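Asks: I would like to see how this sequence folds:
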Amino acid sequence: MPSRPALLPRARMAAAAVRRPLPGTLFAAVLALAVAGCSPGTSVENADVPKWRATALPSSSAAVALQDSGKILNRDRIVQAAARVPAGSYTLTAVCDGTGKAFFAVTLDGKPVAEAGAACNGRRETTKISLPAAGRVEISSSSVDAPLLYAYQLVPAQ
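Replies: Numbers count the residues shown, from 1 in each chain. Have a look, this model is predicted:
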């Protein structure tokens, strides 16, 4: 029948068990510091939107039917409208920065026309949109990954 180890060997085994996770804990701490070092220095809340937009989505030389930029700080939709947009083919260019994805819903006189999204990696994404008739166009911007910066512009297709 095996006997229980004496008190001193049990204490040594317990101390060794406590020391073993240290390399894993140390690795996790170093990894957390490295990730924190890669994060942007300014937060979305303090970002200069016009300065960011000037580089992320410069103004188009074409006649812009509708555009907007700003900060999405929560899950509420941000809606912009243009009263009278002519029928035709358009290009919606959108960009966002932060984490996750921004979503853009386009309606014509209250009826859904198109939906688009942009991954928040600073790259511009385009969506072709056809407006079958002239009317009031609304574009709502939203995200479940707030906070983030967004910008879009709707221009006639060329």
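
Asks: could you list the low-pLDDT ranges of this structure?
Replies: Along the chain, the parts satisfying pLDDT under 70 run over 1-42.

Asks: could I get the full set of helices for it?
Replies: For the chain, the helices defined by DSSP state H cover 7-19, 22-38, 49-56.

Asks: neighbours around Glu45, how many?
Replies: 8 (other Cβ atoms under 10 Å). (C-beta placed from N, C-alpha, C; glycine too.)

Asks: and it, what is it in contact with?
Replies: 71, 73, 147 (Cβ atoms under 8 Å, 6 or more residues apart in numbering).

Asks: of those residues, select the buried ones using a PyMOL command.
Replies: To isolate the buried members of these in PyMOL, using 16 or more other Cβ atoms under 10 Å:
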select buried, resi 71+147
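
Asks: now, the contacts of Glu45 that are in strands?
Replies: Within the contacts of Glu45, residues falling in strands by DSSP state E are Lys71.

Asks: just name the closest of the contacts of Glu45 to Ser60, please.
Replies: Closest approach to Ser60 among those (Cβ to Cβ): Lys71, at 21.8 Å.

Asks: so the closest one sits against Ala151, correct?
Replies: No: counting by Cβ atoms under 8 Å, Lys71 stays clear of Ala151, with 10.6 Å between them.

Asks: ok, Val155 to Val85 distance?
Replies: From Val155 over to Val85 the distance is 11 Å, taken as Cβ to Cβ, to the nearest Å.

Asks: higher neighbour count, the two?
Replies: Val85 (20 against 17).

Asks: relative to Ser59, how far out is the more buried one?
Replies: If you measure Val85 against Ser59 using Cβ to Cβ, the figure is 18 Å.

Asks: burial check on Val44, number of neighbours?
Replies: Val44, neighbours per other Cβ under 10 Å, totals 19.

Asks: chain neighbours aside, what residue packs nearest to it?
Replies: Spatial nearest neighbour of Val44, chain neighbours left out: Pro147 (4.0 Å); criterion: Cβ to Cβ, 6 or more residues apart in numbering.

Asks: now swap in Ser130 and tell me
Replies: Ser89 (5.5 Å).

Asks: again, but for Ala116
Replies: Thr127 (4.0 Å).

Asks: beta partners for that neighbour?
Replies: Assessed by DSSP bridges, Thr127 has beta-bridge partners Leu92.

Asks: for Val137, same thing?
Replies: Val137 has these beta-bridge partners by DSSP bridges: Ala82, Leu108.
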